[in-house]
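J.: Sequence first, then the predicted structure:
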Amino acid sequence: MKTFKPSLWILTLVLVALSQNLFAQTKTLLINNVEIFNGTDEKTILGNILIEGNTISKISTAPIPTNKSANVQIIDGKGKFLMPGLIDAHYHAMFSSLSQIALLTSNIGFVNLVAGKNAENLLMKGFTSIRDLGGPVFGLKQAIDNKVIPGPRIWPSGAFISQTGGHGDFRLPNEIPSDPSNGLTYAERINAAAIADSPDAVRLRAREQLMLGASQIKLMAGGGVSSIYDPLDVTQYTEAEIRAAVEAAENWGTYVTVHAYTPRAIQQAIRAGVKCIDHGQLIDEETVKMMVEKDVIWSLQPFVDEGDKGVLSPESRAKQLEMYQGTDTAFELAKKYNMKIAYGTDVLFDAQKAAQPGLQLVKMKRWFSNFQILQMATVNNAQLLELSGKRSPYSGKLGVIAEGALADLILVDGNLIQNLELITEPEKNIMMVMKDGVIYKNMLK
């Protein structure tokens with residue numbers, strides 16, 4: 001009598017199915033008794049939320065029935081404040097926690113490990129998504145997405161694209177004039193920066209970042225604080241050069257955002273087709289009107305003087321103080337024209353600030369109510385992320401608590417609309433952090 005031996009290909013299919021968990025049921029999570037801030041409405045409701053897999057499937061003020069199988073987890077929210085996960089729309093995951101000199105001289109393996117630790121800290125303090133606007137972040141994003149380490153969702157730009165002497169030019173003076181036979185500089189080799197000085201060169205560098213997985217392109221269109229060579233007032237790139245990046249991005253279904261402070265730099269970028277301005281602290285009213293007319297999104301940071309902590313050189317500190325002088329005017333103009341502001345921190349080379357993301361959010365109280373701030377850091381920022389279209393690395397709706405939205409949620413011991421300062425003590429006040437339906441922190445007992 002012959003013994004039946006299943007063929008190798010059947011065994012392979014079974015093993016693949018098991019490894020991909022195809023036979024497992026969708027995990028169901030019911031969170032009862034929570035005060036729900038949905039991201040859009042100032043009025044909260046006391047209710048219950050059913051999550052199936054990574055998606056919110058039901059929200060109700062009445063009890064939600066579920067079968068009591070082992071596949072259903074039920075959490076008593078104890079009346080605490082449930083809201084969408086926070087989003088930082090201007091972050092540098094690779095550059096936030098180390099000094100500039102350490103970043104330019106350390107082994108990239110060390111930089112990645114420090115960045116990974118900071119990414120975990122960011123998630124545990126309630127930030128479930130970031131738009132990363134420059135740096136060699138693709139490996140970190142891959143590690144997070146594959147659950148090697150915990151961290152937020154990342155919308156990566158890849159390398160800063162900068163002209164020679166621009167805000168993304170990290171070369172030393174003794175490396176000029178550049179010599180192609182000497183190869184790329186360290187910053188270019190690790191994909192931190194890409195120097196490009198013609199429309200063709202900009203187009204090539206933009207395409208390279210899109211090839212690597214960029215969800216949007218970041219160009220340096222004006223002078224910067226931390227860069228060595230460029231005063232704040234300089235305009236960088238020509239309209240034709242910026243348009244080359246815009247065309248490359250639009251061909252891939254996404255957009256270009258630019259670093260710019262001054263009216264001249266911002267207006268040139270808008271004429272070239274840029275869809276988002278980051279910073280803009282030295283803007284004027286005419287330029288704000290242009291942004292409104294062209295439906296350009298403004299990603300504006302709460303840059304105010306907190307004293308010199310020795311992070312910057314004296315030259316950069318002087319530029320920083322010059323830039324700070326325009327922050328109040330910029331926010332007032334944004335409010336006057338009812339612009340929808342994207343919230344971001346742009347923390348660079350400062351481990352102390354990077355460790356306290358909630359403290360940066362609270363700075364926005366200088367110009368806005370708690371409710372307006374929470375809107376910016378949730379639904380407004382999520383709408384900016386959607387500008388990446390099909391180049392968005394994640395499918396699904398973020399920034400809101402709504403049926404069908406992704407389950408990126410945080411549970412806070414206290415109402416942030418009434419007391420935003422609670423976010424500055426996350427170890428005590430953030431009771432639960434969920435991203436993509438997975439609980440990463442749970443202090444409920």
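T.: Right, received. Where do you want to start?
J.: what secondary structure does residue 177 sit in?
T.: coil (DSSP: H, G, I helix; E, B strand; the rest coil).
J.: That one and residue 230, how far apart?
T.: 18 Å (Cβ to Cβ, to the nearest Å). For the C-beta atoms, the positions are set from N, CA and C on the backbone; glycine is no exception.
J.: What score does residue 173 have for pLDDT?
T.: Note for residue 173: predicted pLDDT of 83.
J.: For it, give me its contacts.
T.: Residue 173 sits next to no residue when contact means Cβ atoms under 8 Å, 6 or more residues apart in numbering.
J.: which of residue 177 and residue 230 has more neighbours?
T.: Legend: neighbour count by other Cβ atoms under 10 Å for residue 177 and residue 230, higher for residue 230 (22 against 5).
J.: need the longest helix for this protein.
T.: helix 108-124 (DSSP state H).
J.: after it comes which helix or strand?
T.: Tracing the chain past helix 108-124, the next element assigned as helix or strand by DSSP states H and E is strand 127-132.
J.: and stretch 170-188, how far apart are its ends?
T.: Its start and end residues considered, stretch 170-188 measures 9 Å (Cα to Cα, to the nearest Å).
J.: With stretch 423-435 instead?
T.: End-to-end distance (Cα to Cα), stretch 423-435: 18 Å.
J.: buried set for it?
T.: Using 16 or more other Cβ atoms under 10 Å as the burial criterion, the residues of stretch 423-435 that qualify are 423-424, 426, 429-435.
J.: Return the subset of these lying in strands.
T.: 430-435 (DSSP state E).
J.: At which residues are the strands of the stretch 101-250 of the chain located?
T.: Assignment of strands within the stretch 101-250 of the chain using DSSP state E, counting those that start in this stretch yields the ranges 127-132, 153-156, 160-162, 193-195, 217-220.
J.: Show me how the chain divides into domains.
T.: 25-85+399-442, 86-391 (automatic domain parsing).
J.: For the first one, what is the distance to the chain centroid?
T.: Read it as domain 25-85+399-442. 22 Å (Cα atoms, centre = their mean, to the nearest Å).
J.: if we can go back for a sec, need the ones in strands among the buried residues of stretch 423-435 in CSV with pLDDT, can you?
T.: Listed next are these as CSV, based on pLDDT from 0 to 100:
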residue, pLDDT
430, 98
431, 97
432, 98
433, 98
434, 98
435, 98
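J.: and which of those residues is nearest residue 187?
T.: residue 435 (30.9 Å; Cβ to Cβ).
J.: Please list all residues in contact with the closest one.
T.: So residue 435 contacts 85, 123, 128, 152-153, 408 (Cβ under 8 Å, 6+ apart).
J.: That one and residue 66, how far apart?
T.: 22 Å.
J.: And the helices in the stretch 251-400 of the chain?
T.: In the stretch 251-400 of the chain, the segments counted as helices under DSSP state H, counting those that start in this stretch are 263-271, 285-293, 314-324, 327-336, 351-354, 357-362, 370-375, 381-385.
J.: Please tabulate the ones you listed in a markdown table, including the columns mean neighbour count.
T.: Shown next, in a markdown table, are those (neighbours: other Cβ atoms under 10 Å):
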| stretch | mean neighbour count |
| --- | --- |
| helix 263-271 | 22 |
| helix 285-293 | 15 |
| helix 314-324 | 15 |
| helix 327-336 | 17 |
| helix 351-354 | 17 |
| helix 357-362 | 21 |
| helix 370-375 | 21 |
| helix 381-385 | 23 |
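J.: Format those helices as JSON lines; extra columns: mean pLDDT.
T.: Converted to JSON lines, the helices of the stretch 251-400 of the chain look like this (pLDDT from 0 to 100):
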{"stretch": "helix 263-271", "mean pLDDT": "98"}
{"stretch": "helix 285-293", "mean pLDDT": "98"}
{"stretch": "helix 314-324", "mean pLDDT": "91"}
{"stretch": "helix 327-336", "mean pLDDT": "97"}
{"stretch": "helix 351-354", "mean pLDDT": "90"}
{"stretch": "helix 357-362", "mean pLDDT": "94"}
{"stretch": "helix 370-375", "mean pLDDT": "98"}
{"stretch": "helix 381-385", "mean pLDDT": "98"}
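J.: Export these to JSON lines and append columns for distance to residue 398.
T.: Putting those into JSON lines (distance: least, Cβ to Cβ, whole Å) gives the following:
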{"stretch": "helix 263-271", "distance to residue 398": "26"}
{"stretch": "helix 285-293", "distance to residue 398": "24"}
{"stretch": "helix 314-324", "distance to residue 398": "30"}
{"stretch": "helix 327-336", "distance to residue 398": "23"}
{"stretch": "helix 351-354", "distance to residue 398": "22"}
{"stretch": "helix 357-362", "distance to residue 398": "17"}
{"stretch": "helix 370-375", "distance to residue 398": "14"}
{"stretch": "helix 381-385", "distance to residue 398": "4"}
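J.: and residue 211, which of these is closest to it?
T.: helix 381-385 (20.8 Å).
J.: Could you look up the next helix or strand downstream of the closest one?
T.: strand 409-412.
J.: So which other helices or strands are in contact with that following strand?
T.: Under the contact criterion of 3 or more Cβ pairs under 8 Å, 6 or more residues apart in numbering; DSSP states H and E, strand 409-412 touches strand 81-84, strand 430-435.
J.: now with 10 Å?
T.: Of the remaining helices and strands, those touching strand 409-412 by 3 or more Cβ pairs under 10 Å, 6 or more residues apart in numbering; DSSP states H and E are strand 28-36, strand 81-84, strand 127-132, helix 426-429, strand 430-435, strand 438-442.
J.: Report the buried residues of the longest helix of the chain.
T.: So, applying 16+ other Cβ under 10 Å, buried residues of helix 108-124: 108, 111-112, 114-116, 118-124.
J.: Could you do stretch 130-146 as well?
T.: 130-138, 140-141, 143-144.
J.: would you turn these into CSV with pLDDT and distance to residue 379?
T.: Listed next are the buried residues of stretch 130-146 as CSV, based on pLDDT from 0 to 100; distance: Cβ to Cβ, whole Å:
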residue, pLDDT, distance to residue 379
130, 98, 16
131, 98, 15
132, 98, 20
133, 97, 20
134, 95, 25
135, 95, 26
136, 96, 30
137, 97, 24
138, 97, 27
140, 97, 26
141, 98, 23
143, 98, 28
144, 98, 23
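J.: For the residues you listed, give me a markdown table that also has distance to residue 416.
T.: Shown next, in a markdown table, are these (distance: Cβ to Cβ, whole Å):
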| residue | distance to residue 416 |
| --- | --- |
| 130 | 19 |
| 131 | 22 |
| 132 | 25 |
| 133 | 26 |
| 134 | 30 |
| 135 | 30 |
| 136 | 34 |
| 137 | 28 |
| 138 | 33 |
| 140 | 28 |
| 141 | 28 |
| 143 | 30 |
| 144 | 25 |
